[in-house]
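1. Task: produce atomic coordinates for the following.
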Amino acid sequence: MPSGTEMKVLKGLKKKGGETNLFGVAREIGLSSDYARIVCRGLGMADYLDMFSSGKIRLANKGWKAVGGREVETPEGEEATEEGSGESKKKGPETPHEKYNRWMSS
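-> Numbers count the residues shown, from 1 in each chain. I've put the predicted structure just below:
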């Protein structure tokens, strides 16, 4: 379960409709942008937030559950295509470590 400051960030995102940028979160709850970035990165690694290279931050299903809001629906059996082949295969959920490595490579 998220700590006090992390819950403030999640609730601030909920007020913004579940999606905003880093500076919108910092303004909403009165944090510096640097500290908000650190808190959001930790929440992203714990799968409460989805962070994009464009700077957009979105509440993930786990984040919505933590603040008692709605959940984002994901299609059942979402399929991914393996690069180089035309075959599609079912891909398991991305681990927090894989997600972090993907963010850092962007």
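2. drop to CA atoms for contacts and neighbour counts, all remaining ones
-> Fine.
3. Identify all contacting residues around stretch 38-49.
-> 2, 5-6, 9, 50-51, 57-64, 96-97, 99-100 (CA atoms under 8 Å, 6 or more residues apart in numbering).
4. all helices of the protein, in order?
-> In the chain, the segments counted as helices under DSSP state H are 4-15, 22-29, 33-45, 61-67, 96-105.
5. Quick check: mean pLDDT of the third one?
-> For helix 33-45, mean pLDDT is 91.
6. angle of that helix against helix 4-15?
-> 90 degrees (axes from the mean of the first three to the mean of the last three CA atoms, to 10 degrees).
7. picking that back up, are any of the contacts of stretch 38-49 buried, and if so which?
-> Among the contacts of stretch 38-49, those buried by neighbour count (16 or more other CA atoms under 10 Å) are 2, 6, 9, 50-51, 57-64, 99-100.
8. Out of the residues you listed, the closest to residue 26 would be?
-> When the buried ones among the contacts of stretch 38-49 are compared for distance to residue 26 (CA to CA), residue 9 wins out at 8.1 Å.
9. contacting residues around that closest one?
-> 25, 29, 36, 39, 40.
10. For ChimeraX, what selects the buried ones among these?
-> Entered in ChimeraX, the line below selects the buried ones among those, by 16+ other CA under 10 Å:
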select :25,29,36,40
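11. Now the contacts of residue 9 in TSV, please, with extra columns for distance to residue 104.
-> Formatted as TSV, the contacts of residue 9 follow (distance: CA to CA, whole Å):
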residue	distance to residue 104
25	21
29	26
36	17
39	16
40	14
